[in-house]
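Colleague: Any chance you could fold what I've pasted below:
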Amino acid sequence: MLNVNTPFFIFNPKSYLYGKELLELAKVADKAAEQHPEITVFVTAPFADISAIKQATNHIIVSAQHLDGIEPGRGMGHVLPESLYEAGARASFINHAERPLSFSELTKAVHRAKDLGIISIVCADSLEEAKAIATLHPEIILCEPTELIGTGQTSDDSYITSTNQAIKEIDENILVMQAAGISTADDVYRTISLGADGTGCTSGIVKADDPKQMIVDMIEAAIKAYKK
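Modeller: Residues are numbered from 1 along each chain as shown. Predicted structure coming up:
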């Protein structure tokens with residue numbers, strides 16, 4: 001499994017971008033990651049774009065939007081972890097608010113990701129859910145209240161600090177990502193300053209006047225906050 005440096009930053013365009021437009025931004029993120037080896041940069045892609053982005057980049061970790069805890073064989077319409085790995089994905093979101101899983105399904109997905117050395121980025125809506133997920137020992141837990149996603153309103157200080165602490169008390173090796181409502185470089189700086197190991201962004205980048213510059217600004221803000 002690949003090592004993840006802290007801080008880390010995830011550009012997660014969901015389904016806003018695909019094809020050539022996404023590939024261009026992935027290359028910008030790749031260049032920034034090359035220039036700043038102290039930070040790990042992930043770029044999430046729709047399944048059909050994973051292979052092209054992997055082939056065109058060298059310094060980012062290409063991430064899938066979802067995987068299912070299935071084995072090769074039956075599973076029509078599900079996402080086979082082996083197929084993601086073969087395409088070049090070395091990380092995957094699991095249990096995102098837009099693709100939630102039952103705890104049983106989540107457990108199987110995390111275990112299958114570990115089998116293949118795929119980094120699990122598991123999403124948690126609440127403090128209690130974060131604590132439950134931590135018992136599965138994924139590599140990263142994304143603490144993100146569902147009601148704040150895409151609103152431009154970030155989690156308050158108490159949510160960030162309490163979830164950071166609760167997860168680390170269960171497993172100090174789990175990296176904690178805080179990303180709700182991130183829309184500016186200042187949001188990135190604040191989130192990392194409050195103790196998050198990493199953060200990420202969707203609409204703040206894809207809807208920016210200059211998405212390429214916003215990616216660079218956010219990555220640099222994460223590094224600056226972590227070093228302070």
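Colleague: Check the gap between G195 and V43 for me.
Modeller: In this structure, G195 and V43 are 24 Å apart, going by CB to CB, to the nearest Å. For every residue, glycine as well, the C-beta is placed using N, CA and C.
Colleague: okay, these two: which has more neighbours?
Modeller: Neighbour totals were compared for G195 and V43, and V43 leads with 30 against 15 (other CB atoms under 10 Å).
Colleague: so the more buried one, which of the three states?
Modeller: strand (DSSP: H, G, I helix; E, B strand; the rest coil).
Colleague: Please name the residues that touch it.
Modeller: 10-11, 13, 25-26, 29-30, 53, 57, 60-63 (CB atoms under 8 Å, 6 or more residues apart in numbering).
Colleague: a markdown table please, covering the residues you listed and showing neighbour count and secondary structure.
Modeller: A markdown table is the format used below for the contacts of V43 (neighbours: other CB atoms under 10 Å; DSSP: H, G, I helix; E, B strand; the rest coil):
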| residue | neighbour count | secondary structure |
| --- | --- | --- |
| I10 | 26 | strand |
| F11 | 29 | strand |
| P13 | 23 | coil |
| L25 | 20 | helix |
| A26 | 26 | helix |
| A29 | 25 | helix |
| D30 | 19 | helix |
| I53 | 25 | helix |
| T57 | 21 | coil |
| I60 | 26 | coil |
| I61 | 22 | strand |
| V62 | 26 | strand |
| S63 | 24 | strand |
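Colleague: Report the distance from stretch 23-31 to the chain centre.
Modeller: Mean C-alpha position of stretch 23-31 versus that of the full chain (CA atoms, centre = their mean, to the nearest Å) differs by 16 Å.
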